[in-house]
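Engineer: Return a 3D structure for these sequence lines:
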Amino acid sequence: MINNFKNIIKVFFALSIGAIAIVSCEPEADELGTQFFQDTAAGTVKDYNVIAYNLFHNDTIQSNSSKIVSATLGAFNETNFGMQKSSFVTQVRLSSYSPDFGTNAVIDSVVLQMKPLYQTATDSIKTTTLDDNFTYGTDNTPAKKVVTSYPVTKYGKYKINGATPTFTIRVDEVNEFLNSSTDAVMSNKQVALGASLGTKIFDGYLRSIKITKDSDNSELFSRDIGFRMPLDANFFQQKIINKKGSFELGDVASFIRYFKGLRISVDENDGYLMSFDPNGITATIYYKYDKTDNSTVTRTSSTFTLDLGSSNAHFNQIQYARSSNFNNAISGSSSTLGDKQLYVQGMGGPGAEIKIPASTIAELRDLYNTKKIGIMSAKVRFYTDAAWDNKYTKPQNFIAYLKGANAFLDDVAAFQYNSLYTMVKGVDLDKNPAYYDVDITQTITNTIKNKTDDYLENNPLIIDVGSFRLNTSTRATSYLGFNYTDRAYTPNSVVLVGSNLTNSDAQYNKRAQLKVIYSNK
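Structural biologist: The predicted structure is shown next:
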């Protein structure tokens, strides 16, 4: 029995060095550690206190095109954090310069189209079929029209006072030069606005349309999934069509200084945030002109596309109106004593700093030098606070790094090419309370082995909502780099239990801690 026990210990110790499953420490490892290592000669499970406190990022983050692979739009108001509102600002380019719109060109309509992320589960989709007395076209062809509605993916409220929230989506002209797409822009930047170009009520659904002929079921018309919004035709008639032949339409540099851009926003201050591809927005001008053929003049339909894609400077404009709960927590934050609650939020919201006391590092280093311990697992655990008792989707991940560093933690650097590696493990995220484990096994190990390495002792661990972005151009799983994250467009928030709690606090046993499993070699 004893020999079997020792063999089990050896296997688990070997796995801690060679396999990510032990390094990243699944929740079961806590129970395993308690069962096999607690109060035994072979090893120990030990919890260490930390100092955890709020890190305010001034509600700003760099949000220009190089930082937002995905963009956000909408507004969400929540008791703990307050109101969070996101708008999208972009330049506009012509699809071709010195365009010839033909003779007597007159705009019929201008349509902006965007496609936020949407749900595709069968039970979420709504299909409406019109086939009774429905006709299509000028010849009134008997037909069938099928409209399919897809709900957008939301972070926030699905109901307000029992009703599905709606947004008034607004498009305004921008009256300020937006510079280059490579220029850094912070999310709190405000821009001067010009003419209002249109509004439309958005009910939270994207729609596709298909019309087929009754007689043979052949397709007469189809429209892809998306949100379509008419813009002021007269504005674009004066701004673009009537300027044919002018220097303003002659080249890119002149045009983006003449027509400086658009802002897309919502009027409301509560509901939800939705995500969309910033390069997937389109704007199309539908117009007619006189076409002459053998002295016969015919009014002919045509289209001209405005370029809203990746070549344009664009950014998310993010506003906050903070709650008293939030302001009290941030203003009363103490890096010496720690905080009771940690408010962490994406899109420029706050993160948290965690100090591991020098005495803890000294104790582990002494155990390494005198007893030759091996660190099997070291992780910082955070529980969700009782104040976060809701059904909002919790963050799936955190970005973890050391303050002042410009490189990955040792754990990420060592294991980022292993597809099994998970630095942050969220447990029971669909429940309350839930908890997160942030794996710093390699960082702790390297620190206690190297007597001159005092970086962890003097610099706190930082966590922010979001993830490091993956490099999708290579077959191996790897990150683009330390400065490439999705923080700017990850909307999720959560309140965590901090460290400044006493035995009398109900959540004392859920305070932030460093949890270590070590074994004698």
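
Engineer: now Val412, what's its secondary structure?
Structural biologist: Three-state assignment for Val412 (DSSP: H, G, I helix; E, B strand; the rest coil): helix.

Engineer: ok, now how distant is it from Lys449?
Structural biologist: Using CB to CB, to the nearest Å, Val412 is found at 18 Å from Lys449. All C-beta atoms are positioned from the backbone trio N, CA, C, and that covers glycine.

Engineer: For these two, indicate the residue with more neighbours.
Structural biologist: Taking neighbours as other CB atoms under 10 Å, Val412 and Lys449 compare with Val412 leading, 20 against 12.

Engineer: which residues touch the nearest residue to Tyr287 once chain neighbours are set aside?
Structural biologist: Of all residues not flanking Tyr287 in the chain, Ile107 sits nearest, at 4.6 Å (CB to CB, 6 or more residues apart in numbering). Residues in contact with Ile107 (CB atoms under 8 Å, 6 or more residues apart in numbering) are 233-234, 236-237, 241, 285-287.

Engineer: so what strands line up beside the helix or strand hosting Ile107?
Structural biologist: Under the criterion of DSSP states H and E, Ile107 resides in strand 103-114. The pairing partners recorded for strand 103-114 under DSSP bridges are strand 219-231 (antiparallel), strand 282-293 (antiparallel).

Engineer: Weed out the non-buried ones from the contacts of Ile107.
Structural biologist: 233, 236-237, 241, 285, 287 (16 or more other CB atoms under 10 Å).

Engineer: Kindly indicate which of the residues you listed lies nearest Leu94.
Structural biologist: Distance to Leu94 across those (CB to CB) is lowest for Ile285, with 10.2 Å.

Engineer: Could you measure from the closest one over to Phe259?
Structural biologist: Distance, Ile285 to Phe259, using CB to CB: 13 Å.

Engineer: Please apply the same query to Thr445.
Structural biologist: Distance, Thr445 to Phe259, using CB to CB: 57 Å.

Engineer: what does Arg469 give?
Structural biologist: Separation of Arg469 from Phe259 (CB to CB) stands at 32 Å.

Engineer: same thing with Gln190?
Structural biologist: Using CB to CB, we find Gln190 at a distance of 20 Å from Phe259.

Engineer: now Asp411
Structural biologist: Separation of Asp411 from Phe259 (CB to CB) stands at 49 Å.

Engineer: Export only the CA atoms of stretch 416-432, formatted as PDB.
Structural biologist: Extracted C-alpha coordinates of stretch 416-432, given in PDB (Å, rounded to 0.1, in the frame of the first residue of the first chain):
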ATOM      1  CA  GLN A 416       2.000  29.000 -25.400                       C
ATOM      2  CA  TYR A 417       2.800  26.500 -28.300                       C
ATOM      3  CA  ASN A 418       1.000  23.700 -26.500                       C
ATOM      4  CA  SER A 419      -2.700  23.600 -27.400                       C
ATOM      5  CA  LEU A 420      -3.600  22.000 -24.100                       C
ATOM      6  CA  TYR A 421      -2.200  24.900 -22.000                       C
ATOM      7  CA  THR A 422      -4.700  27.100 -20.300                       C
ATOM      8  CA  MET A 423      -3.300  29.900 -18.100                       C
ATOM      9  CA  VAL A 424      -6.600  31.000 -16.700                       C
ATOM     10  CA  LYS A 425      -9.200  28.400 -15.700                       C
ATOM     11  CA  GLY A 426     -12.800  29.500 -14.900                       C
ATOM     12  CA  VAL A 427     -14.900  27.100 -12.900                       C
ATOM     13  CA  ASP A 428     -18.700  27.200 -12.600                       C
ATOM     14  CA  LEU A 429     -18.900  30.400 -14.700                       C
ATOM     15  CA  ASP A 430     -22.600  29.700 -15.200                       C
ATOM     16  CA  LYS A 431     -23.200  29.800 -11.400                       C
ATOM     17  CA  ASN A 432     -22.700  32.100  -8.500                       C
END
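
Engineer: Thank you, goodbye.
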